[in-house]
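K.L.:
only geometry, no sequence info:
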């Protein structure tokens with residue numbers, strides 16, 4: 001039964017135990033087991049809580065085999081109310097998510113107290129029509145931007161607004177906080193392809209439903225000045241496109 005499979009799959013994807021899900025629904029753990037075995041079905045109120053918890057439509061939860069077919073990632077998600085901090089003049093601050101804070105950000109990005117505990121700052125010359133967040137890079141996958149560089153991103157409300165070839169900070173359930181060049185294949189197969197500008201790192205795919213937040217890179221702050229003889233140059237878009245094609249071919253071969 002699709003409903004029972006979906007409940008089990010979505011719970012495991014969120015790394016929740018049956019007891020934890022039962023607590024959120026106000027039920028006994030044995031009832032969750034019955035849902036997942038197909039011996040019982042949630043009441044309408046329970047289905048509503050599941051839809052809110054997993055950010056999914058009722059139709060998709062009841063009738064779409066998510067594990068086999070993937071999420072309907074191109075559907076419009078409810079606009080999320082971001083937790084932001086403001087200064088004494090009620091202007092939005094840019095919240096800084098450092099390397100050490102990245103792990104905690106996955107659990108705390110919706111918590112006002114946690115967000116207000118992070119460093120805040122302002123930058124001139126940024127459009128006032130967007131909300132911004134700053135993320136400190138780790139690793140060398142996006143050379144010439146070196147570890148410690150701070151990328152300033154503007155919040156993207158819907159996944160279908162992602163433009164192929166541009167760079168984004170993605171907050172994902174599986175990979176955490178990553179900064180990559182993104183290629184949007186959501187309409188084709190419900191997935192995004194994430195590419196490093198450093199060719200030593202292979203591109204990989206992420207399902208649309210695993211993406212929690214998207215921030216389009218608008219600026220960066222770095223104490224490292226690129227040397228004119230530095231050979232660490234980013235891959236061209238043609239090279240990246242070829243990498244994507246090779247990745248898709250590898251995936252096709254593995255599936256066959």
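P.N.:
Looks like it arrived, so ask away. Everything quoted here is computed from the prediction, not taken from an experiment.
K.L.:
I figured residue 67 was touching residue 5, is that so?
P.N.:
Yes - with contact defined as Cβ atoms under 8 Å, residue 67 counts as touching residue 5 (6.1 Å). Every C-beta, even on glycine, is put in place using the N, C-alpha and C of the backbone.
K.L.:
Now for the two: what residues contact both?
P.N.:
Between them, residue 67 and residue 5 share no contacting residue under Cβ atoms under 8 Å, 6 or more residues apart in numbering.
K.L.:
tally of neighbours for residue 120?
P.N.:
For residue 120, the tally of surrounding residues (other Cβ atoms under 10 Å) stands at 17.
K.L.:
Revised request: answer the last question for residue 151.
P.N.:
Residues near residue 151, counting by other Cβ under 10 Å: 23.
K.L.:
Tell me what the closest residue in space to residue 84 that isn't next to it in sequence is bridged to.
P.N.:
Taking Cβ to Cβ, 6 or more residues apart in numbering as the measure, residue 84 lies nearest to residue 92, with 5.4 Å between them; neighbours along the chain are not counted. Judged by DSSP bridges, the bridge partners of residue 92 are residue 86.
K.L.:
which ones are touching residue 92?
P.N.:
The neighbours of residue 92, taking Cβ under 8 Å, 6+ apart as the test, are 84-86, 131-132.
K.L.:
Using neighbour counts, trim those to the buried set.
P.N.:
84, 132 (16 or more other Cβ atoms under 10 Å).
K.L.:
which of the contacts of residue 92 sit farthest apart?
P.N.:
When the contacts of residue 92 are compared pair by pair using Cβ to Cβ, the two farthest from each other are 86 and 132, 12.7 Å apart.
K.L.:
Return the residues in contact with residue 156.
P.N.:
For residue 156, the residues meeting the contact criterion (Cβ under 8 Å, 6+ apart) are 162, 168, 214-216.
K.L.:
which of those lies closest to residue 148?
P.N.:
For residue 148, the nearest member of the contacts of residue 156 is residue 215. The distance, counting by Cβ to Cβ, is 18.1 Å.
K.L.:
With adjacent residues omitted, what lies nearest to that closest one?
P.N.:
Taking Cβ to Cβ, 6+ apart as the measure, residue 215 lies nearest to residue 153, with 2.7 Å between them; neighbours along the chain are not counted.
K.L.:
buried sites along the host helix or strand of the one you found?
P.N.:
Residue 153 is located in strand 150-155, with elements delineated by DSSP states H and E. Of the residues in strand 150-155, 150-154 count as buried by neighbour count, 16+ other Cβ under 10 Å.
K.L.:
try stretch 25-35
P.N.:
Applying a neighbour-count criterion of 16+ other Cβ under 10 Å, one finds 25, 27, 31-32, 34-35 buried in stretch 25-35.
K.L.:
list the helices and strands the worst-scoring helix or strand of the chain on mean pLDDT packs on?
P.N.:
Every helix and strand in the chain was compared by mean pLDDT, DSSP states H and E; the lowest is helix 237-255, with a mean of 73. Of the remaining helices and strands, those touching helix 237-255 by 3 or more Cβ pairs under 8 Å, 6 or more residues apart in numbering; DSSP states H and E are strand 176-185, strand 191-195, strand 204-207.
K.L.:
relative orientation of it and strand 191-195 in degrees?
P.N.:
Going by axes from the mean of the first three to the mean of the last three Cα atoms, to 10 degrees, helix 237-255 is angled at 130 degrees with respect to strand 191-195.
K.L.:
Pull the residues that contact helix 237-255.
P.N.:
Taking Cβ under 8 Å, 6+ apart as the rule, helix 237-255 contacts 165, 181, 183, 193, 195, 197, 199, 202-205, 235.
K.L.:
which parts of it are buried?
P.N.:
For helix 237-255, by 16+ other Cβ under 10 Å, it's 240, 243-244, 247-248.
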